[in-house]
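Visitor: I need the structure of the sequence given here:
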Amino acid sequence: MLRAYEETHYRVLGDTPATLHIGIANPALAELHRAYAVDCSAFVTAANPFSTLTDADANTRRQAALADELLGEGLRFIEGIGEHPSGQWPGEPSFLILGLPLDVAKQLGARHAQNAIVWCGANAVPQLILLR
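Guide: Predicted structure coming up:
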């Protein structure tokens, strides 16, 4: 499972699209950080809790709850999708949450029953952060 997380393409959608790869600096992400005046971000989903394949309706509800939580906390975020290049697992709707410190990102991922999140610091290098 760890290898699958590391191989996944974490795609940020929106006006400045980017594809994040674990351990590889991303200039487009660095530009997003500059544009939003932040020095970190986190790529988080609420879909498929603990990597258990869940039906699309349940995942839509879980992702909507995550969006409501982010909006309620006044956080800025951009829609994304996590996709493994093999296509053997459905893409997971996600959010790139701008300016989210690592400790808060970890708590958020844990609250939404995730095994891991992707966190990016000032160097714009995505890191896989295991939560369990």
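
Visitor: Could you use CA atoms for every contact and neighbour count after this?
Guide: Will do.

Visitor: any chance you could map the helices in this structure?
Guide: Along the chain, counting by DSSP state H, helices occupy 2-7, 27-35, 56-72, 102-111.

Visitor: any chance of those helices in CSV, plus mean neighbour count and mean pLDDT?
Guide: Output for these, formatted as CSV (neighbours: other C-alpha atoms under 10 Å; pLDDT from 0 to 100):
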stretch, mean neighbour count, mean pLDDT
helix 2-7, 14, 92
helix 27-35, 17, 96
helix 56-72, 15, 97
helix 102-111, 17, 98
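
Visitor: List the contacts of the most centrally placed residue in the chain.
Guide: Residue closest to the average C-alpha location in the chain (C-alpha atoms, centre = their mean): F43, at 1.8 Å. The contact partners of F43, taken as C-alpha atoms under 8 Å, 6 or more residues apart in numbering, are 10, 94-97, 117-119.

Visitor: Next step: these restricted to strands.
Guide: Using DSSP state E, the subset of the contacts of F43 located in strands is 10, 94-97, 117-119.

Visitor: Out of the residues you listed, which is nearest to E83?
Guide: Looking at the ones in strands among the contacts of F43 and their distance to E83, the nearest is Y10, at 6.5 Å (C-alpha to C-alpha).
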